[in-house]
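Asks: Provided below for reference: sequence and predicted model.
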Amino acid sequence: VRGHDENDYPFLIKASEDIRQDQRIQALFNLMNDLYSNDPNLIHMTTKTGIIEWLDNTKTLKDVLDSSYTDEEGQEMQTNITDPRAKYYEFFTKVWSKVPDKSSQSTASSVYGESYIHCKKEDIQENFRQIQKSQFIVSYAVLCTSQYILGIGDRHQSNFLIDTTSGQVIGIDFGSAFSASTISLPVPELIPIRLTRQLVNLMNPIGTCGLFRSTMIHTMNALRENSDLLLSTMDVFIKEPLMDWVDLAIKSSRQQVSDSDTATHAQETLYAKERINSARNKLNGINPATITCNDLKISTILNQTQSYKKFLKPMMAIAGGDINQNIRAQLAEKSKDQHHKLSVEEQIDCIIDQATDLNILGRSYVGLETFM
């Protein structure tokens, strides 16, 4: 697009999606933190078309990771039998061909570890040194906290942009929001945020326990203190549901869908209220594992597709964690009340615990490439 200043500004035309959701989520991000003042401009044209401004001096997280390899190493990654993508895909197809159970937790963790170990962390860390590490960690922590509240899913590597001049992280593509990736996908997402081993290693020597955790705590404090403002802004999703929400509302209805406009509107409103209530629970400090399990209970796939129903209880057990290993499970056992409000520190520890659980990472959809 050529501007009135005679400069050219690149935009992306996005079809087949209602980008009003992206617009609304950016409005929420603007309320959350001024850090997102560099978000791209969005122009909504129809319910299925829009254009998105390209940001200068940015690379996707995937590009940053991939560029850490030489041409020879990249070729070897694609052809070698130790290619982590191939190894993980082989395991993924096996583990989902049968009902997952808790006895296979060590298997999922070990295969995930074997896939991850073939990614050369030294090369990737060296590549990240070209950007400002602390800026990356702080901005990523703020982004993760904000996206957690809004239930942003589908966080693969290409949905993060890195500003190569400052090191700040910018999230893009919010098509899967308010836990849609958990509710509507055949392989539900159980990770609350993307926090894979490669990202954790970038934060060494103290990992997530230092700057990342403290930034998440400060961010969550600010969000919880201003929860009323955020929730009132989200009210637009109830008053004017998106096309995707209308479709999901109909699919999630357990009753015979009526042809009447009144019944359809009631389903849309109920679905929207349920999704906003999920965000409210997060702002109230409900255990992240409890929220994930509640989302699984209304999954359109796990509850309505006969061949998938057998996966519901095992998936909830995996999301809930192991009381001997996971703080989210220990806090759930301690309170015995799914409406118990965690402190901000406890909530962040549970989010990190769930996001870094190898038993979850090792079962995530292969397209997320959680071994990177």
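Replies: That came through fine.
Asks: my guess is residue 327 meets residue 356, correct?
Replies: No: Residue 327 is beyond contact range of residue 356, at 11.0 Å (criterion: Cβ atoms under 8 Å). C-beta here means a position set from N, CA and C on the backbone, and glycine is covered the same way.
Asks: show me the helices in the stretch 151-300 of the chain, by range?
Replies: Secondary structure of the stretch 151-300 of the chain (DSSP state H, counting those that start in this stretch): helices located at 180-183, 197-202, 211-225, 227-239, 243-252, 261-283, 288-297, 300-304.
Asks: give me the mean pLDDT for the fourth one.
Replies: Confidence for helix 227-239, expressed as mean pLDDT, is 84.
Asks: between it and helix 211-225, how many degrees?
Replies: Relative orientation of helix 227-239 with respect to helix 211-225: 70 degrees, computed using axes from the mean of the first three to the mean of the last three Cα atoms, to 10 degrees.
Asks: burial measure for residue 56, as a count.
Replies: Residues near residue 56, counting by other Cβ atoms under 10 Å, number 11.
Asks: please read the previous query as pertaining to residue 231.
Replies: 14.
Asks: one more: residue 145?
Replies: What residue 145 shows, counting by other Cβ under 10 Å, is a neighbour count of 25.
Asks: below-threshold pLDDT in this structure: ranges please.
Replies: Applying pLDDT under 70 to the chain flags the ranges 33-47, 68-70, 73-89, 91-131, 241-268.
Asks: all strands of it, in order?
Replies: 11-15, 42-46, 49-53, 58-60, 160-163, 169-171 (DSSP state E).
Asks: so for residue 149, which of the ones you listed sits nearest?
Replies: Closest of those to residue 149 is strand 169-171, at 12.6 Å (criterion: Cβ to Cβ).
Asks: what residues does the closest one touch?
Replies: Strand 169-171 has contacts (Cβ atoms under 8 Å, 6 or more residues apart in numbering) with 36, 38-39, 55, 58, 61, 136, 139-140, 143, 147, 152, 159-163.
Asks: from those, list just the buried residues.
Replies: Among the contacts of strand 169-171, those classed as buried by 16 or more other Cβ atoms under 10 Å are 36, 39, 58, 61, 136, 139-140, 143, 147, 152, 159-163.
Asks: so which of those residues comes closest to residue 341?
Replies: After measuring the buried ones among the contacts of strand 169-171 against residue 341 - Cβ to Cβ - the closest member comes out as residue 147, at 21.1 Å.
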